[in-house]
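Peer 1: Based on what follows, work out the 3D shape:
(one chain, ligands or ions: 2)
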Amino acid sequence: MRTQVAIIGAGPAGLFLAHLLRRAGVDAVVLERRDRAYVEGRVRAGVLEQVTVDLMHRLDLGGRLRAEGMVHTGTNIVADGQLFRIDMAELTGGSTVTVYGQQEVMKDLFDAAEPRGVTVIFDAEDVAPHDIDSARPYVTWRQDGVERRLDCDFIAGCDGYHGISRAAIPADVLKTFERVYPFGWLGVLADVPPCDHELIYSNHERGFALASMRSPTRSRYYVQCGLGERIEDWSDDRFWDELCLRLGDEAAGRVTRGASFEKSIAPLRSFVGEPMRHGRLFLAGDAAHIVPPTGAKGMNLAVSDVVMLAEALTEHYLDGSDAGIDGYSARALARVWKAERFSWWFTGLTHRFPDRDGFDRKMQVAELAYIRGSRAAQLTLAENYVGLPLV
Ligand code: RFL
Ligand code: PHB
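Peer 2: Numbers count the residues shown, from 1 in each chain. Ligands and ions are numbered 1, 2, ... in the order given. The predicted structure is shown next:
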């Protein structure tokens, strides 16, 4: 089998890239380790930056997004029980974010794949890139016990943080930068109306809490928890009590409790591997970098990476220029590091750090009070939250 671009992983990075290349007339095949139901079923991101919304429309995938996506012109912060709003649209000259679950994005991408001739091979076991330093790289995998091989010009490693692509870059070339946070997020989904029409990020002495949503009838809530904690110890009652305590009276008064149908704990990590290209292998999305979810940047970064990568590959095939390919890693990393900084900063501002002392806590409180009273500080937060431009 032969294609121009072999894409490893059918998450947001891999599938958006496949659709973009298809649009440009570049051949690609996506190899995914799991099946569609698994990839689509993972409860993850909820907030789309304008870059991601624009891409959905550009690919003519925006029908349901237009009808069901919830456009947010602002976001809210609770500090010391007091809620204040950041009017992102007013501050940034009209930018907004849209709440539309990653699961919905994946459904739209998968539904359109086959009719548009985007090839996805599911249940591909032991996927491995080969000869990425040569002009003739290839990928092997196993399917139903049979060894398979895909010859290609380029390989896109879109296989997430735990994928195999990043490890194909020689250890003396790949530099990694990492921060592991001493806590996680316990997330809950429940079919109850959200407590607000926008998101609420809360800094409380007992720890961070976040009120989000998936629809007018489905709430997504998170509380910061210890890394060693077990789901079994978090009954719904305990969760709702802790959430309400941390959100403060104003928001807690509007929380509708109900049975949760999904509950999971996710660790928080900042990670960047550079460069994002080696030979004929490119990394995109979580395969190259991870952010803590506080800034809602993960999926949006995967999208901005593949927009740049698709431009670079298209330039190679259509214009015969390798300038985009040669510049991809530096261009993508410039945006990645800014999102890493914002996600790290927003995490530090809103979470309780078990290893920090009273002085650090006072600094958090003072910074939150400063943001509350300063248009300049709010603008800084807003322009990062809605997403920095692609340059
Ligand atoms: P993914 O989604 O991990 O997809 C990688 C795909 O590759 C497959 N794969 C392989 N395939 C073949 N061979 C192998 N050896 C393979 N190994 C892996 C996997 O099965 C999978 O299908 O990476 P991608 O495409 O880079 O997308 C990244 C995003 O999924 C991720 O950044 C976001 O979900 C992060 N995230 C959020 N992002 C946002 O933009 N906004 C948010 O509000 C937001 N909230 C979140 C989040 C992530 C969270 N968790 C659980 C990590 C909230 C949470 C709680
Ligand atoms: C979500 O709705 O899952 C969500 C929203 C905002 C974040 C992280 C996750 O910062």
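Peer 1: from here on, contacts and neighbour counts on C-alpha atoms
Peer 2: Will do.
Peer 1: for ligand 1, what are the nearby residues on this structure?
Peer 2: Proximity of the chain to ligand 1 (Cα under 6 Å from any ligand atom) is limited to residues 8-14, 31-34, 39, 44-47, 127, 158-160, 162-164, 266, 285-287, 293, 296-300, 302.
Peer 1: just the buried members of those residues?
Peer 2: Among the residues of the chain next to ligand 1, those classed as buried by neighbour count (16 or more other Cα atoms under 10 Å) are 8-14, 31-33, 39, 45-47, 127, 158-160, 163-164, 285-287, 293, 296-300, 302.
Peer 1: picking that back up, if we check ligand 2, which of the residues of the chain next to ligand 1 are in contact?
Peer 2: Restricting the residues of the chain next to ligand 1 to those adjacent to ligand 2 (criterion: Cα under 6 Å from any ligand atom) gives 44-47, 293, 296.
Peer 1: could you dump those residues to TSV with secondary structure and pLDDT?
Peer 2: Shown next, in TSV, are those (DSSP: H, G, I helix; E, B strand; the rest coil; pLDDT from 0 to 100):
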residue	secondary structure	pLDDT
44	coil	86
45	coil	83
46	coil	90
47	strand	97
293	helix	97
296	coil	97
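Peer 1: Pull out the buried positions in the helix of greatest length in the chain.
Peer 2: Taking DSSP state H as the assignment, the helix of the chain that covers the most residues is helix 323-350. Neighbour-count burial for helix 323-350 flags 324-325, 328-329, 331-333, 335-336, 339-340, 342-344, 346-347, 349-350 (criterion: 16+ other Cα under 10 Å).
Peer 1: Which parts of the helix or strand just after that helix count as buried, going by neighbours?
Peer 2: Using DSSP states H and E, the helix or strand that follows helix 323-350 in sequence is helix 358-373. Within helix 358-373, the residues that count as buried by 16+ other Cα under 10 Å are 361, 364-365, 368, 371-372.
Peer 1: Helix 323-350 and helix 358-373, what's the angle between them?
Peer 2: 110 degrees (axes from the mean of the first three to the mean of the last three Cα atoms, to 10 degrees).
Peer 1: which other helices and strands contact helix 358-373?
Peer 2: Applying 3 or more Cα pairs under 8 Å, 6 or more residues apart in numbering; DSSP states H and E, we find helix 358-373 packed against strand 75-79, helix 323-350, helix 375-385.
Peer 1: Where does pLDDT dip in the stretch 51-200 of the chain?
Peer 2: Applying pLDDT under 70 to the stretch 51-200 of the chain flags no residue at all.
Peer 1: Report the contact partners of the residue of it found nearest ligand 1.
Peer 2: Closest residue of the stretch 51-200 of the chain to ligand 1, Cα to the nearest ligand atom: residue 159 (3.3 Å). Contacts here follow Cα atoms under 8 Å, 6 or more residues apart in numbering; on that basis residue 159 touches 8-11, 14, 165, 286-287.
Peer 1: Save the residues you listed as TSV, and put in secondary structure too.
Peer 2: Formatted as TSV, the contacts of residue 159 follow (DSSP: H, G, I helix; E, B strand; the rest coil):
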residue	secondary structure
8	strand
9	coil
10	coil
11	coil
14	helix
165	coil
286	helix
287	helix
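Peer 1: Which helix or strand contains residue 214?
Peer 2: strand 209-215.
Peer 1: That strand vs strand 75-79, what angle?
Peer 2: Using the same axes, to 10 degrees, strand 209-215 lies at 160 degrees relative to strand 75-79.
Peer 1: Can you tell me the strand partners of strand 209-215 and which way each runs?
Peer 2: According to DSSP bridges, strand 209-215 has the following sheet partners: strand 200-203 (antiparallel), strand 218-225 (antiparallel).
Peer 1: Let's have those strands in JSON lines, adding mean neighbour count.
Peer 2: Compiled in JSON lines, the strands paired with strand 209-215 are given as follows (neighbours: other Cα atoms under 10 Å):
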{"stretch": "strand 200-203", "mean neighbour count": "25"}
{"stretch": "strand 218-225", "mean neighbour count": "22"}
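Peer 1: Of those strands, which is nearest ligand 2?
Peer 2: Smallest distance to ligand 2 across the strands paired with strand 209-215 (Cα to the nearest ligand atom): 5.7 Å, for strand 218-225.
Peer 1: Now the closest one - C-alpha only, CSV.
Peer 2: Taking Å, rounded to 0.1, in the frame of the first residue of the first chain, the C-alpha atoms of strand 218-225 are listed here in CSV:
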residue,chain,number,x,y,z
ARG,A,218,-25.8,18.6,30.6
SER,A,219,-23.3,19.9,33.1
ARG,A,220,-19.5,19.2,33.3
TYR,A,221,-18.0,19.9,36.7
TYR,A,222,-14.5,19.4,38.1
VAL,A,223,-12.8,19.6,41.5
GLN,A,224,-9.1,19.5,42.2
CYS,A,225,-8.2,16.3,44.0
